[in-house]
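Colleague: quick one: sequence plus predicted model below, questions after.
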Amino acid sequence: MKFSVVVPLTVLLLSACSSENIQRFSSGQPSMAPNIWMVGDVEGYGVIRDRFGTVKSQFHIREVGNWDPATRTVTLVEHTVYLQSSSKPSDRIWHFVESSPGSWTGTAADVIGTATGEQQGNAWHLIFRQTIPIGGHQVEVTVNDWRLREGDTVAIDHSTLTKLGVELASAEIAFVKTP
């Protein structure tokens, strides 16, 4: 019951996060630091909506992460399976490097250039560019991703995909971490 109340409130909060300041979350607990949250197994359940709010796809994502303190790198393996869709499962391997406290850079094979991440308290904010299929064409978009940790085992994620400042789609994901 608590989860069903927290999710709508968090999604509402995250919908305003595109212009959010990460410092606002600096005292939030528990920590969303990638070397804490992303280590181990995490399951996610989400939806992708078009710019009109119509659900275009549902998906399940599994993330498995490892932390290497010597290189200050989190390696995160993502496996996504789309429901009610002909989309094939997809895999992505992220490498997030802590460049300074709270600042991260990330790379993945399908990401254009380097992703920029920042973490404060219970919040993680990541911005990156990638090419996605839309209407039979490959379109380069900017992904603005916010994840807020709601407790020891739950985080809520909201991403927007934009092109030239116009929102094309969004995704909401409820993550549950294996203790």
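Modeller: Good, I have the coordinates. Numbers count the residues shown, from 1 in each chain.

Colleague: count of neighbours near Phe128?
Modeller: Look at Phe128: counted by other Cβ atoms under 10 Å, it has 22 neighbours. (Each C-beta comes from the backbone N, C-alpha and C, glycine too.)

Colleague: next one: it from Gly28, what distance?
Modeller: In this view, Phe128 and Gly28 are 23 Å apart by Cβ to Cβ, to the nearest Å.

Colleague: next: Pro101.
Modeller: Counting by Cβ to Cβ, the gap from Pro101 to Gly28 is 16 Å.

Colleague: who has more neighbours, the two?
Modeller: More crowded of Pro101 and Gly28, by other Cβ under 10 Å: Gly28, with 15 against 8.

Colleague: how close does the more buried one sit to Ser87?
Modeller: Distance from Gly28 to Ser87, by Cβ to Cβ: 34 Å.

Colleague: show me where the protein has strands.
Modeller: Using DSSP state E, the strands assigned to the chain run over residues 40-50, 55-68, 73-83, 90-100, 103-107, 111-120, 123-134, 137-149, 154-163, 166-177.

Colleague: next up, the contacts around Val77.
Modeller: Listed by Cβ atoms under 8 Å, 6 or more residues apart in numbering, the contact set of Val77 reads 63-65, 91-94.

Colleague: let's go with 10 Å and repeat that
Modeller: Taking Cβ atoms under 10 Å, 6 or more residues apart in numbering, we find Val77 in contact with 62-66, 91-94.

Colleague: likewise Ile93?
Modeller: So Ile93 contacts 75-78, 107-110 (Cβ under 10 Å, 6+ apart).

Colleague: so how far is Glu20 from it?
Modeller: In terms of Cβ to Cβ, Ile93 sits 28 Å off from Glu20.

Colleague: for Thr107, same thing?
Modeller: Counting by Cβ to Cβ, the gap from Thr107 to Glu20 is 24 Å.

Colleague: what pLDDT, on average, does stretch 172-179 get?
Modeller: Stretch 172-179 shows an average pLDDT of 94 in the prediction.

Colleague: what does stretch 156-163 give?
Modeller: Computed over stretch 156-163, the mean pLDDT rounds to 98.

Colleague: measure how buried the residue lying closest to Val42 once chain neighbours are set aside is and give me the count.
Modeller: Distances taken as Cβ to Cβ, 6 or more residues apart in numbering place Glu63 nearest to Val42, at 4.4 Å, with adjacent residues excluded. Glu63: 20 surrounding residues under other Cβ under 10 Å.

Colleague: so His158 sits right up against Ser170, yeah?
Modeller: Yes - at 6.9 Å, His158 and Ser170 qualify as touching, with contact defined as Cβ atoms under 10 Å.

Colleague: between these two, which has more neighbouring residues?
Modeller: Ranked by neighbour count (other Cβ under 10 Å), His158 and Ser170 place His158 first, with 23 against 20.
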